[in-house]
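# Predicted model and sequence below, questions to follow.
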Amino acid sequence: EPEVTQTPSHQVTQMGQEVILRCVPISNHLYFYWYRQILGQKVEFLVSFYNNEISEKSEIFDDQFSVERPDGSNFTLKIRSTKLEDSAMYFCASSEIPGGRGSNQPQHFGDGTRLSIL
Amino acid sequence: AQKVTQAQTEISVVEKEDVTLDCVYETRDTTYYLFWYKQPPSGELVFLIRRNSFDEQNEISGRYSWNFQKSTSSFNFTITASQVVDSAVYFCALSDPYGGSQGNLIFGKGTKLSVKP
């Protein structure tokens, strides 16, 4: 079964450094998402992306965050100047069409990247 | 505003007991989707079920069953004859793809289930 893959599985970065989290969505999917889960807390929506542009973003997704689909397969989340509070698990997800609309397929999640800011 | 409430923070049961995880949601829209995800200790999110707002039929999948009641805005999840491998955090989520969003998921805070042998 096709999977969403995320690399790396664990990223350790010094505060203030830039970090790029990578995701390869399922190949025929058109909608891409990033979510964040601070340790022990709920999963929170960051941003959705379709047709090479951001569709929607949450309050968390401020100017230090950006997303990009640099080629036909990768979907990246960049954090420009990391802060301690950015430490979290970051999940990438993809879907054929938005969030289950008209389809039996939900958003498929990757296994996550654990980001640790020192 | 959309909201998902999982009032049970932690539940501990002994193997073979039945356990129900509660989920209550809020949305203004008439068309929406509800989900349950399992997050085992390894951290990944495992999709369990999706239900749309027009389908109130209860669903059973093996030891898992779901009770969707629109009248009370609840989508509860029952595990029958629980096993140690069921130990995980379970998240209920709501998606409102017709409400102007791209269907991003709104998650509850999760219920941590511990099943002891």
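Now that the structure is in, tell me what you want to look at.
# use CA for all of it now, contacts and neighbours both
OK.
# Quickly check: the strand or helix carrying A:S48 near chain B or not.
Assigned by DSSP states H and E, A:S48 belongs to strand A:43-50. Yes: Strand A:43-50 reaches chain B (CA under 8 Å from any CA of the partner chain) through A:43-45, A:48.
# What pLDDT is listed against residue 40?
Going with chain A. We have a pLDDT of 89 for A:G40.
# ah, no, chain B please
Reported pLDDT for B:P40: 94.
# for A:S55, same thing?
pLDDT at A:S55 comes out at 87.
# how about the residues of chain B near chain A?
Chain B has residues B:33, B:43-47, B:50, B:95-98, B:101-110 near chain A, with proximity defined as CA under 8 Å from any CA.
# ok, of those, which come out buried?
Neighbour-count burial within the residues of chain B next to chain A applies to B:33, B:44-47, B:50, B:95-97, B:101-110; the criterion is 16 or more other CA atoms under 10 Å in any protein chain shown.
# among those, which are in strands?
B:33, B:46-47, B:50, B:95, B:105-107 (DSSP state E).
# on that earlier part again, pull the residues that contact the strand holding A:S48.
If you take CA atoms under 8 Å, 6 or more residues apart in numbering or on different chains as the criterion, strand A:43-50 is touched by A:30-37, A:54-61, B:102, B:104-109.
# go again using 7 Å as the cut-off
Residues outside strand A:43-50 that contact it (CA atoms under 7 Å, 6 or more residues apart in numbering or on different chains): A:30-37, A:54-58, A:60-61, B:102, B:104-105, B:107.
# Just the buried ones from the residues you listed?
A:30-37, A:55-57, B:102, B:104-105, B:107.
# B:Y64: which of those is nearest?
Using CA to CA, B:F107 comes nearest to B:Y64 of the buried ones among the contacts of strand A:43-50, at 19.9 Å.
# Surely the closest one and B:A93 touch.
Yes: counting by CA atoms under 7 Å, B:F107 touches B:A93, with 4.2 Å between them.
# residues shared between the contacts of those two?
Counting by CA under 7 Å, 6+ apart, the common neighbours of B:F107 and B:A93 are B:V4.
# Show me what the worst-scoring helix or strand of chain B on mean pLDDT is packed against.
With mean pLDDT, DSSP states H and E as the measure, the helix or strand of chain B carrying the lowest mean pLDDT is strand B:59-61 (a mean of 86). Here strand B:59-61 touches strand B:64-69, going by 3 or more CA pairs under 7 Å, 6 or more residues apart in numbering or on different chains; DSSP states H and E.
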